[in-house]
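1. Here is the input, now give the coordinates:
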Amino acid sequence: MTAAGTTSGSHSAQRLVPGFQLGEYRLGQPLWPLRIADAYKAEGPKGPATIYVIHARIAANPQVRDQVIAGTRAAAALPEHKHLVRTLAAGLTGDILWIATEEADGSLVRDLLAKKKQTAARAGNSGLGSRATGNLIVGVAAALADVHHGALADESIVVNRAGRVRVIDLALGAGTIAAMVAGLVPAQSSIAPEMLTGSPPSGPADVYAIGALLYECLVGAPLEKGGPRPSEVVPGVTSQIDELVARACHRDPEKRFGRADVVGEVVGEALNKGGAMTTSPAPPGPAASLADQQSSLATEIASSAASSAGISVDRVLQAALADSTEKWLISKGKLDYGPFSLADVITQIDKGDIVAGNVIMDKDSGARVDVGQHGLLGPMIDAARQKRDDARRAQAEVAVQSSDKKKGVMLYVLIFLGVLGAAGAVYFVIKAVKGDSAEKKAEGIAALDGASLKVTVSMPKAPAKRTGTGKRTGGKAGGSYTRGSEDLSLDMSDEDDSGGGSGTLDMGTVYNVYSKQGGRLGGCLQKTGAGSASIAIIIDGASGRVTLVKVDGKQAGGTWACLNGVLRGMQFPKLSGGRTRAEFDIGI
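-> The predicted structure is shown next:
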């Protein structure tokens, strides 16, 4: 595969062609150019993904590169969140530094605002509108309630067709700030002033960025000194929003809101519940024709209590379905989803995604009603609920019938497993006594939760020697990475065997130490529900202690935490210097 050089925006970046391989990920079409990276569609080992390729001149800066790697590790360790795109892996392929995340589907807020500007002359204000802005800010604030971004901007957020809001570039936050400090990319008005002087990402810094995003989404232009107040350009918005933006974007972090989620609550209350909105009656319009009444759900909402006007439900439904205009919003709690066509709404009702208690609204007229109480859609809600109840009852009946069959089979399964277990025990005992196996296995028996645990531990093997032309060295910032080799799954640690000496332990000695702890190692597998694990360790010669542990190629998770504690507590023979690397497998 090859890469083609192109220029995107203010930077010259290397454009990678579809099919280019980065670790386990095969690139597809380009998605978006960002401040320090280009995003691509990709296919990974578990399906669709998004790859962010750091611009070459950015990745070449040691301080920026280290911040990108640190930010990626921190993001990958976070639990799943509905408003955050999950970070999956990172790597260095040749000179290309890249990050993989789950698929980020939808449109960037940056692009939505640009599209809105193009139609501003016709539609008036170039912002997203008060309700859409409120939903957006609530989602972003929830995403950053317990984690810090530092460089949040309109290109950091994606909104899909269903209205789901997600922050996509959390792993790039620290690296983006480092690039701004280094003068590699221009600073933006949405960045808190203290971030550009070297302060670490914080809650108040994200509050500043959220306030700037609130302003930009309402006004349609970035936050700038001397710019118009939201209340001056957005119909219905009061000075309360002006004050909220001013406090969130105060130069003094101590005078801002302390947490991002607090801003989300205040904005949601102000914009979505009308706390900072003024209302006025709409001027009366011309009377609608019969055809308009049949095709307009707003008319149906307004007249659902008087459905005896001579229009049959079937005729109204047929006429409404013929209108493919995406103008219907669905309110679920504090969030609005859509717009959808009426056909989309009916499909979601049938799937159970829209239920009684949700509100349907005509975004053009503002008419709204609970879908369960609407004369046209209410019966569909009831029918869909009945269909789901019938399906659950049918599944329950099948489960009862299969349970009776399973009870008869279970006895035979238990007998078979008992015989199989006894045969296996005899096999391993004989094999251990004879000692004629090329790969020794030890059985550790540990009493855990009142039961006996059988553990198998394989003979260690020395990992293959590295073939790269260079290696990464430690340091506070910067350093070079192995060229021409993959560095996957956030595995960027120093695993060189030199360590200042030449001696290493033989594998038999290593085996004799850890095989005696088979019960404790197997206990970790049982505790975390794992059936087996591949373990890689590094033993320091001077101390005889384990200094690095990887489980299935990772340094995270419950199984790793437990095994890491057991292995680091082992004492191996000491040497005058050097380090010993070994790999082995355990299973229960």
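2. List the contacts of the spatially most central residue of the chain.
-> Nearest to the geometric centre of the chain sits Arg86, at 1.9 Å (C-alpha atoms, centre = their mean). Applying C-beta atoms under 8 Å, 6 or more residues apart in numbering, we find Arg86 in contact with Leu78, Glu80, Thr101, Glu102. For the C-beta atoms, the positions are set from N, CA and C on the backbone; glycine is no exception.
3. Among those, which lie within strands?
-> Judged by DSSP state E, the contacts of Arg86 include Thr101, Glu102 as members of strands.
4. and of the contacts of Arg86, the nearest to Gly127?
-> Of all the contacts of Arg86, Thr101 has the smallest distance to Gly127: 28.4 Å, by C-beta to C-beta.
5. Need phi/psi at Gly71.
-> Here is the backbone geometry of Gly71 (degrees, to the nearest 10): phi -60, psi -40.
6. Near Ala114, how many other residues are there?
-> The number of residues packed near Ala114 is 13, by other C-beta atoms under 10 Å.
7. ok, so what distance separates it from Ala56?
-> 26 Å (C-beta to C-beta, to the nearest Å).
8. Then Gly522?
-> Distance, Gly522 to Ala56, by C-beta to C-beta: 47 Å.
9. Is it correct that Lys527 is in contact with Cys562?
-> Yes: using C-beta atoms under 8 Å, Lys527 is in contact with Cys562, at 6.0 Å.
10. More neighbours: these two, which one.
-> Cys562 (20 against 13).
11. list the contacts for the more buried one?
-> Listed by C-beta under 8 Å, 6+ apart, the contact partners of Cys562 are Gly523, Cys524, Lys527, Thr528.
12. Neighbour-wise, which one of these leads?
-> The most crowded member of the contacts of Cys562, judged by other C-beta under 10 Å, is Cys524 (24 neighbours).
13. Just list the residues touching that residue, thanks.
-> Residues counted as contacts of Cys524 (C-beta under 8 Å, 6+ apart) are Ala530, Thr559, Cys562, Leu563, Val566.
14. In helices, which of those residues fall?
-> Taking DSSP state H, the ones among the contacts of Cys524 that sit in helices are Thr559, Cys562, Leu563, Val566.
15. Out of these, who's the most crowded?
-> Busiest of these [other C-beta under 10 Å] is Leu563, holding 25 neighbours.
16. now the helices for the stretch 51-200 of the chain?
-> Applying DSSP state H, counting those that start in this stretch to the stretch 51-200 of the chain gives helices spanning 56-59, 62-76, 109-118, 120-123, 130-143, 173-181.
17. So which of those is the most surrounded?
-> Each of these was scored by mean neighbour count; the highest is helix 173-181, a mean of 26, by mean count of other C-beta atoms under 10 Å.
18. Mind giving me the packing neighbours of it?
-> On a contact count with 3 or more C-beta pairs under 8 Å, 6 or more residues apart in numbering; DSSP states H and E, helix 173-181 meets helix 62-76.
19. Report all helices and strands that the helix it packs on contacts.
-> Contacts defined by 3+ C-beta pairs under 8 Å, 6+ apart place helix 62-76 against helix 56-59, strand 87-93, strand 96-102, helix 173-181.
20. Using CSV, write out every CA atom in the strand or helix carrying Ile539.
-> Per DSSP states H and E, Ile539 falls inside strand 532-540. C-alpha atoms of strand 532-540 as CSV (Å, rounded to 0.1, in the frame of the first residue of the first chain):
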residue,chain,number,x,y,z
SER,A,532,-6.8,-19.1,30.7
ALA,A,533,-4.2,-16.4,30.2
SER,A,534,-1.0,-15.8,28.3
ILE,A,535,1.5,-14.0,30.6
ALA,A,536,4.7,-12.1,29.7
ILE,A,537,7.0,-10.9,32.5
ILE,A,538,10.3,-9.1,32.9
ILE,A,539,12.5,-10.0,35.9
ASP,A,540,15.1,-7.5,37.1
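21. what's the following helix or strand after that strand?
-> Sequence-wise, the next helix or strand downstream of strand 532-540 (DSSP H and E) is strand 546-551.
22. Just confirm Gln29 is within a strand.
-> Yes: using DSSP: H, G, I helix; E, B strand; the rest coil, the assignment for Gln29 is a strand.
23. Quick check: it touching Tyr40?
-> Yes: the pair Gln29 / Tyr40 is scored as a contact, 7.0 Å apart, by C-beta under 8 Å.
24. For these two, indicate the residue with more neighbours.
-> Neighbour tally, Gln29 and Tyr40, criterion other C-beta under 10 Å: the higher count belongs to Tyr40, 24 against 9.
25. quick one, the helix or strand that one falls within and helix 173-181 angle?
-> Assigned by DSSP H and E, Tyr40 belongs to strand 37-44. Calculated by axes from the mean of the first three to the mean of the last three C-alpha atoms, to 10 degrees, strand 37-44 forms an angle of 150 degrees with helix 173-181.
26. Output the contacting helices and strands for strand 37-44.
-> So strand 37-44, by 3+ C-beta pairs under 8 Å, 6+ apart, packs with strand 11-16, strand 25-33, strand 47-54, strand 96-102.
27. who wins for proximity to Val355 among those?
-> Comparison of the helices and strands packed on strand 37-44 against Val355 by C-beta to C-beta identifies strand 96-102 as nearest, at 27.2 Å.
28. Strand partners (parallel or antiparallel) of that closest one?
-> Using DSSP bridges, the strands paired with strand 96-102 in its sheet are strand 47-54 (antiparallel), strand 87-93 (antiparallel).
29. Can you check what angle separates it from strand 25-33?
-> Angle of strand 96-102 versus strand 25-33, following the same axes, to 10 degrees, is 90 degrees.
30. which residues are contacting strand 96-102?
-> Residues outside strand 96-102 that contact it (C-beta under 8 Å, 6+ apart) are 14, 16, 22-23, 25, 37, 42, 44, 49-54, 56, 59, 65, 68, 72, 85-92, 168, 171-172.
31. just for the stretch 201-350 of the chain, where's the confidence low?
-> Low-confidence segments of the stretch 201-350 of the chain (pLDDT under 70): 273-324, 334.
32. the strands in it, which residues?
-> Using DSSP state E, counting those that start in this stretch, the strands of the stretch 201-350 of the chain run over 328-332, 335-340.
33. Select only the buried ones of the contacts of Arg86 in ChimeraX?
-> Those of the contacts of Arg86 that count as buried under 16 or more other C-beta atoms under 10 Å are selected in ChimeraX with:
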select :101,102
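34. how far does stretch 223-235 sit from the chain's center?
-> Relative to its parent chain, stretch 223-235 has a centroid offset of 33 Å by C-alpha atoms, centre = their mean, to the nearest Å.
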